[in-house]
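**Student:** whatever this is, show me its structure:
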Amino acid sequence: MKSRSSIIAWALIALGVLLLVNQFGIVTLGAGRVLWGALLVVGAALVIQSAWRHHRGKLFWGNVLFLFSLYFLLREFDVINHAGRTFLPAAFLAFGFSFLLLYAYEPREIARLVLGIVFLLAAGLWIGAWVGFTDIGALAGMASIYWPVVLVVLGLALLFRRREDGQSHQEGGGTTPS
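**Tutor:** This next block holds a predicted model:
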């Protein structure tokens, strides 16, 4: 219960500060800017809280909330030109960074590293195609041929993890002292 009340407290503080900034005319805020700013603070609070308390679920979803809120807040301030094409690459970036954060939290989970890299590569290629750095047709052709490599890498990661778990189990609990 204490963790929930601290999240609510941070959200109220962020909302209050944003509304005061709006009241004094420092920055003109709309409802969207206040909402996304408050959710940004809640996401950051979840990430910080999970780092202190080692709570993996809050780490992932707090980071996703933080990054999505950052995206929409930047869109509200017209830093990002939202032409309808930016949301999916931004979502891929958010999930990619969140999976990498989970991997940093538990480095034994290779599948999270692979998922993070796949999401980030997909977002990077997507953005590269917009800018004209990559030919999306050629990349789609390569991906349609080589996508099973991802399955092979995930399978190998699972095998190595299972082997490591088996070795640590044998070393730690094989015999009992009498």
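**Student:** what's the helix or strand for the residue most central in space within the chain?
**Tutor:** Residue closest to the average C-alpha location in the chain (CA atoms, centre = their mean): S98, at 2.3 Å. Assigned by DSSP states H and E, S98 belongs to helix 87-105.
**Student:** what helices or strands is that helix leaning on?
**Tutor:** helix 56-76, helix 110-131 (3 or more CB pairs under 8 Å, 6 or more residues apart in numbering; DSSP states H and E). Bear in mind the C-beta positions are built from the backbone N, C-alpha and C, glycine included.
**Student:** which among the ones you listed is found nearest to V41?
**Tutor:** helix 56-76 (8.4 Å; CB to CB).
**Student:** and the contacts of that closest one?
**Tutor:** 30, 32-33, 36-37, 39-40, 42-47, 49-51, 80, 82, 86-87, 90-91, 93-95, 97-99, 101-102, 105-106 (CB atoms under 8 Å, 6 or more residues apart in numbering).
**Student:** residue ranges in this protein under the pLDDT threshold?
**Tutor:** 1-5, 7, 11, 29, 82-84, 134, 136, 161-178 (pLDDT under 70).
**Student:** rerun that using 50 as the cut-off
**Tutor:** Residue ranges of the chain with pLDDT under 50: 1, 176-178.
**Student:** so after the host helix or strand of L12, what's the next helix or strand?
**Tutor:** Per DSSP H and E, L12 falls inside helix 2-23. Sequence-wise, the next helix or strand downstream of helix 2-23 (DSSP H and E) is helix 31-53.
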